[in-house]
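# structural data only, the sequence is not supplied:
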Ligand SMILES: [Zn+2]
């Protein structure tokens, strides 16, 4: 069932801390901020993130209106997906240092390869969790809530 913008914000607020706990990202500074996202290729962008692995900082921008067509499970999948970018955060250090001194066209090529590679790795981790380990995002959030001593319905 579709959600309202308020529902989306509530689901994010109620689950990010628990999912971060379940994923052992305790030493990361993680912020989820609402914002409008422009789509460059016509697809609907629901969330994007900036990773600063040197300072273990992840900032996720989510478009609550664009997320409203999702159900809660799909939104939790999106939250988990964005948190997984922190799990592979060390690659961002490689990304930023490897391109030093390269010309703009080569930087674009490496950026495209990097984007594809990171999404592929995250997709593999998601399949491992969902299919291989039967640990979907909802279960992961409940596990984190238990660890935090929160009431789990
Ligand atoms: Zn991604």
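Sure, I can see it. If you're wondering where the values come from, they're calculated on a predicted model, not measured in any experiment.
# check contacts around residue 66.
37, 44-46 (Cβ atoms under 8 Å, 6 or more residues apart in numbering). C-beta: built from backbone N, CA, C; applies to glycine.
# state the pair within those residues that is farthest apart.
Taking Cβ to Cβ, the two most distant members of the contacts of residue 66 are 37 and 44; they sit 8.5 Å apart.
# compare these two (neighbour count), which wins?
Legend: neighbour count by other Cβ atoms under 10 Å for residue 37 and residue 44, higher for residue 37 (16 against 11).
# can I assume that one sits in a strand?
No: assessed with DSSP: H, G, I helix; E, B strand; the rest coil, residue 37 is coil; it does not lie in a strand.
# returning to that earlier point: so for the contacts of residue 66, which is the shakiest by pLDDT?
Within these, residue 44 has the lowest pLDDT, namely 73.
# where does this structure dip in pLDDT?
By pLDDT under 70, the weakly predicted segments of the chain are 40, 153.
# okay but residue 67 is in contact with residue 77, surely?
No: using Cβ atoms under 8 Å as the test, residue 67 is too far from residue 77 to be in contact (11.0 Å).
# of those two, who's got more company?
In this view residue 67 and residue 77 are compared by other Cβ under 10 Å, and residue 67 has more residues nearby, 25 against 19.
# quickly note the distance from that one to residue 81.
Per Cβ to Cβ, to the nearest Å, residue 67 is found 12 Å from residue 81.
# give me the common contacts of those two.
residue 47.
# let me see the ranges of the helices in this protein.
Counting by DSSP state H, the chain has helices at residues 5-22, 64-67, 72-87, 90-98, 104-127, 137-147.
# will you turn these into a markdown table that also has distance to residue 52?
Converted to a markdown table, the helices of the chain look like this (distance: least, Cβ to Cβ, whole Å):
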| stretch | distance to residue 52 |
| --- | --- |
| helix 5-22 | 16 |
| helix 64-67 | 24 |
| helix 72-87 | 10 |
| helix 90-98 | 7 |
| helix 104-127 | 15 |
| helix 137-147 | 23 |
